[in-house]
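K.L.:
Structure, please.
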Amino acid sequence: MFRLLRPLAASVTYTRWLHLLIPGAGYSLWMFISSDSPWAPVLFAVPVGLLPGIRLAEGVQAQLLLAPEQRGRADASISAVAAATWSDRWRTVLWLETRILLAVPVWFATVWLPATSVDLVLTATGNGPSDQWLVRRVEPHWWYALLAPLPLLAMLAVVVLSGRLITGAAERLLGPSPVQRLTALEERTEQLLERNRIARELHDSIGHALTVAVVQAGAARAAQDPDFTERALAAIEETGRDALDDLERVLRVLRESGTPVGQRPTLAEADRLLDSARGSGAEIDADVSGPLEQVPGAVSREGYRILQESLTNVLRHSGKVPVRVRIAVADGRLELEVINPLSDPAANPGGGSGLRGIRERAALLGGRAETGPHKGEWRVRARLPLDGMRTAP
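P.N.:
The predicted model follows:
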């Protein structure tokens, strides 16, 4: 019994009731104006539903009244976006027709069933009914008062069931399309992969720095040699600075992860990145070819990060040196190449977490990245397939 009455205590039951009454009120107004054409609102819903903005308005209203717990959630089963395809528009039309269809029994139940309860009470008291069809021309009797709650219970049952039906219809007709679901899944997967990569970088960089600091500090205390202590403190300082640089870079990525994936920088903004590197003293010679604006979002965003990390690596390890940058879109793939002179031929900056992250980013997209010395220079070269599925040769 309590399980059956539980929906009556839920606020969403009454917001769904309101949602169901809205089209019924409009339909009743139309019937008052022109009762000769009851089919007109149904026909009028077709061109209205084809407007892209109607899907947004209906989605916002459905989220607010039918499933308020989904408001603001990225994985909401009822989406609040404008129609982007004809499939979305026709689903919106079907949704409007469904709203009108379900509004009829709810409106009838809301108006006539409570009136029937009143008629039963009036009949039981001998005052006569208000001429409703359910209790018309019956003899007054006290036991009619016992029947008065039944129409109210029937009304509440109609409201609860209709609310569940309209919510299910909203999830199917106003929910994300298969393309939108796939895009959202790709974005969430990309965010999880990014967070895992950040966790690995933090473990490597911060763990290494703390290990070096602990070992050097312990050795200095044990040696009790001022010269050795000076060298140990210098090593701790240098390692700490490198760790702070890595931490700042990782935190910057974490701060950006709060923004939608589609708003993160892409290769279309590569000029800004190159200008920033020039402002830091690097001599950038850039060669950009191909339609960067047509590169898929995931590939373009990862390409931007690869270019950013490559330029950061140059500034960190080589300083103000000439840098050749090539960005090309051709033959179904994106090619990135950053070349700079080696400031110290014996140095090997290729073991850092940043360059390892470049290779991981390329591999996640089915591509390949090469980092290391090449003909007396340091080169970072990445090849990313534009379809993100096949492995680059």
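
K.L.:
Surely residue 152 and residue 117 touch.
P.N.:
Yes. With contact defined as C-beta atoms under 8 Å, residue 152 reaches residue 117; the gap is 5.4 Å. C-beta: built from backbone N, CA, C; applies to glycine.

K.L.:
Of the two, which one has the most company?
P.N.:
Neighbours per residue (other C-beta atoms under 10 Å) separate residue 152 from residue 117, with residue 117 holding more: 22 against 14.

K.L.:
Spell out the secondary structure type for residue 339.
P.N.:
Judged by DSSP: H, G, I helix; E, B strand; the rest coil, the three-state class of residue 339 is strand.

K.L.:
before we move on, which element is residue 373 in?
P.N.:
Here residue 373, judged by DSSP states H and E, is contained in strand 368-374.

K.L.:
Could I get the buried residue list for that strand?
P.N.:
Neighbour-count burial for strand 368-374, counted by 16 or more other C-beta atoms under 10 Å, picks out 368-369, 371.

K.L.:
For those residues, give me CSV that also has pLDDT.
P.N.:
As requested, the buried residues of strand 368-374 are exported to CSV (pLDDT from 0 to 100):
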residue, pLDDT
368, 90
369, 90
371, 88
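
K.L.:
Residue 317: which of these is nearest?
P.N.:
residue 371 (11.9 Å; C-beta to C-beta).

K.L.:
That closest one and residue 357 touch, don't they?
P.N.:
No. Contact criterion C-beta under 8 Å: residue 371 and residue 357 do not qualify, at 10.4 Å.

K.L.:
so who does residue 333 touch?
P.N.:
Each residue near residue 333 by C-beta atoms under 8 Å, 6 or more residues apart in numbering is listed here: 367, 383-386, 392.

K.L.:
Take the residues you listed and keep only those in strands.
P.N.:
Those of these mapping onto strands are 383-385, per DSSP state E.

K.L.:
Name the member of these with the most neighbours.
P.N.:
Tallying neighbours with other C-beta under 10 Å puts residue 384 at the head of the ones in strands among the contacts of residue 333, with 28 neighbours.

K.L.:
I'd like the distance between residue 355 and residue 314.
P.N.:
Residue 355 sits 11 Å away from residue 314, going by C-beta to C-beta, to the nearest Å.

K.L.:
okay, these two: which has more neighbours?
P.N.:
Set side by side, residue 355 and residue 314 show more neighbours around residue 314, with 27 against 18, by other C-beta under 10 Å.

K.L.:
Can you name the residues that contact that one?
P.N.:
By C-beta under 8 Å, 6+ apart, the contact list for residue 314 reads 277, 282, 321, 323, 338, 340, 378.

K.L.:
Give me the subset of these lying in helices.
P.N.:
If you go by DSSP state H, these have residue 277 in helices.

K.L.:
need the contacts of residue 314 in TSV with neighbour count and distance to residue 77, can you?
P.N.:
Shown next, in TSV, are those (neighbours: other C-beta atoms under 10 Å; distance: C-beta to C-beta, whole Å):
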residue	neighbour count	distance to residue 77
277	22	45
282	20	49
321	17	54
323	23	49
338	26	44
340	25	50
378	26	50
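
K.L.:
how about CSV for the contacts of residue 314, with distance to residue 223 added?
P.N.:
Compiled in CSV, the contacts of residue 314 are given as follows (distance: C-beta to C-beta, whole Å):
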residue, distance to residue 223
277, 43
282, 41
321, 38
323, 43
338, 43
340, 39
378, 37
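
K.L.:
with the contacts of residue 314 in mind, which one is nearest to residue 301?
P.N.:
Closest to residue 301, out of all of those and judged by C-beta to C-beta, is residue 338, at 17.4 Å.

K.L.:
For residue 385, see how far away the closest one is.
P.N.:
20 Å.

K.L.:
now residue 296
P.N.:
The spacing between residue 296 and residue 385, counted by C-beta to C-beta, is 10 Å.

K.L.:
ok, which stretches of the stretch 251-393 of the chain are strands?
P.N.:
283-289, 322-330, 333-341, 368-374, 377-385 (DSSP state E, counting those that start in this stretch).

K.L.:
Give me the sheet partners of the third one and which way each runs.
P.N.:
Here strand 333-341 is paired, per DSSP bridges, with strand 322-330 (antiparallel), strand 377-385 (antiparallel).

K.L.:
Of those strands, flag the one that's most buried.
P.N.:
Among these, strand 377-385 has the highest mean neighbour count (mean count of other C-beta atoms under 10 Å), at a mean of 22.

K.L.:
by how many degrees do it and strand 368-374 diverge?
P.N.:
170 degrees (axes from the mean of the first three to the mean of the last three C-alpha atoms, to 10 degrees).

K.L.:
mean confidence for strand 377-385?
P.N.:
The average pLDDT within strand 377-385 is 91.

K.L.:
Ok, stretch 187-206 next?
P.N.:
For stretch 187-206, the mean pLDDT works out to 70.

K.L.:
repeat for stretch 174-183
P.N.:
Throughout stretch 174-183, pLDDT has a mean value of 74.

K.L.:
What of stretch 278-291?
P.N.:
For stretch 278-291, mean pLDDT is 81.

K.L.:
How about stretch 163-170?
P.N.:
Stretch 163-170 shows a mean pLDDT of 90.

K.L.:
quick one: that stretch to chain centroid distance?
P.N.:
23 Å (C-alpha atoms, centre = their mean, to the nearest Å).

K.L.:
what does that stretch contact?
P.N.:
With contact meaning C-beta under 8 Å, 6+ apart, stretch 163-170 is reached by 12-13, 16-17, 19-20, 62, 66-67, 78, 95, 98-99, 102.
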